[in-house]
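> Turn this into a model:
(one chain, ligands or ions: 1)
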Amino acid sequence: MKTIKFNIPSLLKDEYKNITRLRANLHYSANGEFTNKCSEWLKKNIKCKEALLVHSCTAALEMCALLINIKEGDEIIMPSYTFVSTANAFVSKGGTPVFVDIDLNTCNIDPSKIEQAISKKTKAIVVVHYAGVSCDMDPIIKIAKQHKLYVIEDAAQAILSTYKGKPLGSIGDLATLSFHETKNIHCGEGGALLINNQKFKERAKIIRDKGTNRDLFNQNMVKKYTWVDYGSSYGLSEINAAFLYSQLKQAKKITRKRFSVFKLYHKLLENLEIKKLIKRPTVPKYAGHNGHMYYLIFKDNQRNKLIKYLKQKKINTVFHYISLHNSLFGRLKSKVGSTMYNTNFISNSLLRLPMHIKLSKKDILRCVNEIYYFNKINL
Ligand SMILES: Cc1ncc(COP(=O)(O)O)c(C=O)c1O
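Presented below is the predicted three-dimensional model:
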């Protein structure tokens, strides 16, 4: 019996062909032909004002912290149910994450809990579009405007998803994407910083280019380039960008395939939800999603038992985030801005099923059948 893997990074066409083109270009470092092509694709499809290719979503989040001048004691509101980079990018610049609970239906930050967490030190709200399903952005933007806070979208998982028809990544002042191999569209390791607030455009390039005005030099706008600001080596190599461009060109096809996997799981697992043995993901009306993930929520520690059971059946499933407010470093470096019932519950009870474009209908049926069998019910 073959193992059904949790993830197989997608590889379609032209990824390696593009890389061989670099021999002729003789440009392997950042900001070459393919970086520009990827950037244009992102601007066109996400409708953001600028898209800078960087080596990870983590790098893009760190750039956000620098751009909004995070300093010792500044507070940033965000969910605790997220990847460590969402918080660490700000903590590494002296900021303090203030964690707010999530909504049980979407696992996204609960907008009704945000205001109570705002203080004089708050600088920004960082939202995470979990599983590629949008946060409810209208109330969040309203709160941010009232309190003069920046909104940053951690859209690591959300390429080509929408909120009320608007692409995710085009709504906040800044947004970040991940092109890690676990994401829908990837280049091994990679990311992008998306800019919607014009005021960040020029400085973001300086921060990307090690704190220098090299971009102006490349455009013949200054005679020499020099050290002008904070920064680091955040750019994406052309080798990765060449691979990525091929993936971006096929992004809609990849998304359609993942979406069909999501839909099939959703249909087949309905009965278990009706019998109240699991809860399936809820996709609110305002969200158009990209099939990044299919997860189930279990009661009473069934999740861990099922992971073990499916492993014996050669089906790889995984849990997800350990909530950051409960982590070793999180306890030292962050604050909790609301109750955390939902975060604690989801952290202990969410299970992710295999999701990738190589998954066949037969594989999906095998997974679902085993989940029914585990629950002692026939499909
Ligand atoms: C919500 C979120 N933010 C940030 C990241 C970090 O992405 P990267 O690995 O590209 O740095 C991840 C990674 O999975 C993530 O899930």
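
> And the strands in the stretch 51-200 of the chain?
75-79, 96-100, 122-128, 150-154, 162-163, 166-167, 174-178, 191-195 (DSSP state E, counting those that start in this stretch).

> Looking at those strands, which is nearest to the ligand?
strand 174-178 (3.4 Å; Cβ to the nearest ligand atom). Yep, even glycine has a C-beta here, placed from its N, CA and C like the rest.

> Paired strands for that closest one, with orientation please.
strand 150-154 (parallel), strand 191-195 (antiparallel) (DSSP bridges).

> So which of those strands has the densest surroundings on average?
Burial of the strands paired with strand 174-178 is given as mean neighbour count (mean count of other Cβ atoms under 10 Å); strand 191-195 ranks first at a mean of 28.

> returning to that earlier point: turn the strands paired with strand 174-178 into TSV, including distance to Tyr230 and mean pLDDT.
Converted to TSV, those look like this (distance: least, Cβ to Cβ, whole Å; pLDDT from 0 to 100):
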stretch	distance to Tyr230	mean pLDDT
strand 150-154	17	99
strand 191-195	15	99
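
> and the residue lying farthest from the centre of the chain, which of the three is it?
No residue in the chain sits farther from the centre than Lys223, which is 38.8 Å out by Cα atoms, centre = their mean. At Lys223 the chain is in coil, as set by DSSP: H, G, I helix; E, B strand; the rest coil.

> what's the closest non-adjacent residue to it?
Once flanking residues are discounted, Lys223 sits nearest to Phe217: 7.8 Å by Cβ to Cβ, 6 or more residues apart in numbering.

> Gly190 too?
Phe179 (3.3 Å).

> residues touching the one you found, list them.
Cys57, Ile185, His186, Cys187, Gly188, Glu189, Gly190, Gly191, Ala192, Asn240, Leu244, Gln247 (Cβ atoms under 8 Å, 6 or more residues apart in numbering).

> ok, now which ones touch the most centrally placed residue in the chain?
Taking Cα atoms, centre = their mean, the centroid of the chain lies closest to Ala156, which sits 1.7 Å from it. Ala156 makes contact with Cys57, Phe83, Val128, Thr176, Leu177, Ser178, His180, Lys183, Gly191, according to Cβ under 8 Å, 6+ apart.

> Do I have it right that the third one meets Leu168?
Spelled out, it's Val128. No: assessed by Cβ atoms under 8 Å, Val128 is found out of contact with Leu168, at 10.6 Å.

> The two: which is more packed in?
More crowded of Val128 and Leu168, by other Cβ atoms under 10 Å: Leu168, with 31 against 25.

> measure the closest residue in space to the more buried one that isn't next to it in sequence to His266 for me?
Excluding the flanking residues, the one nearest Leu168 by Cβ to Cβ, 6+ apart is Ala158, at 4.3 Å. Ala158 sits 19 Å away from His266, going by Cβ to Cβ, to the nearest Å.

> And for Ser323?
26 Å.

> again, but for Lys142
31 Å.

> out of those two, which sits in the busier spot?
Taking other Cβ under 10 Å, Lys142 and His266 do not tie; His266 has more neighbours (14 against 11).

> Report the separation between Glu181 and Trp41.
19 Å.

> swap in Ser260?
Taken as Cβ to Cβ, the span from Ser260 to Trp41 is 23 Å.

> now swap in Ala204 and tell me
18 Å.

> who has more neighbours, these two?
Ala204 (25 against 16).

> Does the more buried one touch Leu193 like I think?
Yes: under the criterion of Cβ under 8 Å, Ala204 makes contact with Leu193 at 6.1 Å.

> what sits in contact with each of the two?
In contact with both Ala204 and Leu193: Leu52, Met63, using Cβ under 8 Å, 6+ apart.

> Just checking the distance from the longest helix anywhere in the chain to the centre of its chain.
The residue-count maximum for a helix in the chain (DSSP state H) belongs to helix 251-268. Computed by Cα atoms, centre = their mean, to the nearest Å, the chain-centroid distance of helix 251-268 equals 18 Å.

> Looking at it now, give me its mean pLDDT.
Helix 251-268 carries an average pLDDT of 98.

> Enumerate the positions of that helix that are buried.
By neighbour count on 16 or more other Cβ atoms under 10 Å, the buried set for helix 251-268 is Ala251, Ile254, Thr255, Lys257, Arg258, Phe259, Val261, Phe262, Leu264, Tyr265, Leu268.
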